[in-house]
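>>> Could you work out the structure for the sequence below:
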Amino acid sequence: NYGGSFASSVPANVDLEQHERLGKVLARAGVASRRAAIQLLSTGAVTVNGEKVTEAGVHVDLATAQIAVDGKPVSLRKRAVWIMVHKPTDFISSAKDDSERRTVLDLVPRAHELRLIPVGRLDRESTGLLLLTNDYYWVNILTHPRYQHSKQYRLEVEGHVDRSTAERVAHGGLQLEGEARATLPCTLQLVEFIGSKNSASARTKLEVALFEGKKRQLRRVFELVGHPVVRLHRFAFDSLHLGSLKRGHWRYLTDREIKALRREKVAAKPDVRGKNALELQDGDHSHHQRDLNLNDVEKSTTPEAVGL
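The predicted structure follows:
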């Protein structure tokens, strides 16, 4: 059974600024993305208190402004909702799905009514931390690679990943099919090897921090280097961690967490480390042969990692 940590109603949990730029207001109201809002304003379709406005930088008072697009009033939101969800498998990271599959919004009461949308994505097979909000202005900032927000994952992949392969992934520059740009550098730790190196059951556990978000990036990257992903779990987004939040459950972000997330607009650049990547590949592997349960990884302590 999936569910939230609170009652069925989901009130807003953070105040918005009273005076905001018009482009930002339109984005937050769900009228258009920030870029599309600029284009919309240039057409003269937007009025504020009956006057046509074409500049996105014009400030408006949310308490008194009457904004309309093509003559239709825009409902201005004065508060926003920020929620953390522990996504299970078999849920789509989307506000809706044409095939009527379950989405992460189905985990949160009134999510559609509140017009929540996911911040980024986790593919259907993956689990872990996903943010939902109706503060659309911040969705772009938190997902655009320019701001280098850190998303941290635990993976289990097929085979034993050697040092050269790990460095190849960490240094970036991999060209994925259909992508205009190569991958950016990331941080990578080899945590544990499972099984004998040449056995069909050989696996590697890793932790990876990405600073961008191409579609199914980690699965595609490790497929490219010959180590398909078996399991993938996101346990952190910048300073936010899942902690003890159970699969399929959700909670509000605290005021402190929201403020910290906004301060982390630009994360530190990746620090690619390259020492002792092959330490676990020497000697007997028998004491590393155990199953990896990624369903409970949020309860795990920091692993004794072999650092890349």
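>>> got a list of what the residue most central in space within the chain touches?
In the chain, the centroid-proximal residue (CA atoms, centre = their mean) is Gly120; its distance is 4.4 Å. Gly120 makes contact with Ser93, Leu130, Leu131, Leu142, Thr143, Lys151, Gly213, according to CB atoms under 8 Å, 6 or more residues apart in numbering. The C-beta positions use only the backbone N, C-alpha and C, and glycine is treated the same way.
>>> For PyMOL, write the select line for the buried members of those.
Buried residues within those, by 16 or more other CB atoms under 10 Å, are selected in PyMOL with:
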select buried, resi 93+130+131+142+143+151
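>>> now for the contacts of Gly120, which pair is the farthest apart?
Distance extremes for the contacts of Gly120: the farthest pair is Ser93 and Leu142 at 13.9 Å, using CB to CB.
>>> and the residue lying closest to Glu207 once chain neighbours are set aside, helix, strand or coil?
In this structure, Glu207 finds its nearest non-sequential neighbour in Gln189, 4.5 Å apart by CB to CB, 6 or more residues apart in numbering. Three-state call for Gln189 (DSSP: H, G, I helix; E, B strand; the rest coil): strand.
>>> Go ahead and confirm Gln189 touches Lys205.
No - counting by CB atoms under 8 Å, Gln189 stays clear of Lys205, with 9.3 Å between them.
>>> neighbour-wise, which of these two wins?
More neighbours surround Lys205 than the other of Gln189 and Lys205, with 24 against 19 (other CB atoms under 10 Å).
>>> my read: the more buried one touches Leu188, true?
No - with contact defined as CB under 8 Å, Lys205 does not reach Leu188; the gap is 11.7 Å.
>>> Okay, the closest residue to Asp61 other than its chain neighbours and Glu55: tell me how far apart.
Spatial nearest neighbour of Asp61, excluding adjacent residues (CB to CB, 6+ apart): His19 at 5.7 Å. From His19 over to Glu55 the distance is 15 Å, taken as CB to CB, to the nearest Å.
>>> give me the beta-bridge partners of the nearest residue to Ile194 once chain neighbours are set aside?
Closest residue in space to Ile194, ignoring its immediate chain neighbours: Arg203 at 4.1 Å, by CB to CB, 6+ apart. Beta-bridge partners of Arg203, counted by DSSP bridges, are Glu158, Ile194.
>>> Begin at 40, not 1, for the rest of this chat.
In the new count, where the first residue is 40, that last one comes out as Arg242.
>>> Roughly how far does Arg242 sit from Gln191?
20 Å.
>>> The two: who's more crowded?
Neighbours per residue, other CB under 10 Å: of Arg242 and Gln191, the larger number sits with Arg242, 23 against 19.
>>> what stretches of the protein score poorly on pLDDT?
Scanning the chain for pLDDT under 70 picks out 40-57, 116-117, 303-347.
>>> quick one: the helices in it?
In the chain, helices defined by DSSP state H lie at 61-67, 73-81, 175-182, 202-210, 256-263, 294-302, listed in chain order.
>>> in the fifth one, what counts as buried?
The one in question is helix 256-263. Gln256, Leu257, Arg258, Arg259, Val260, Phe261, Leu263.
>>> closest to Ser81 among those residues?
Out of the buried residues of helix 256-263, the member with the shortest distance to Ser81 (by CB to CB) is Gln256, at 33.9 Å.
>>> Confirm for me that the closest one is in contact with Leu215.
Yes - using CB under 8 Å, Gln256 makes contact with Leu215 at a distance of 7.4 Å.
>>> list residues touching both of the two?
In contact with both Gln256 and Leu215: Thr222, using CB under 8 Å, 6+ apart.
>>> For the nearest residue to Leu181 once chain neighbours are set aside, give me its contacts.
Sequence neighbours aside, Val158 is the residue nearest to Leu181 in space, at 5.1 Å (criterion: CB to CB, 6+ apart). Residues in contact with Val158 (CB under 8 Å, 6+ apart) are Leu169, Leu170, Leu171, Thr172, Trp177, Val178, Leu181, Thr182.
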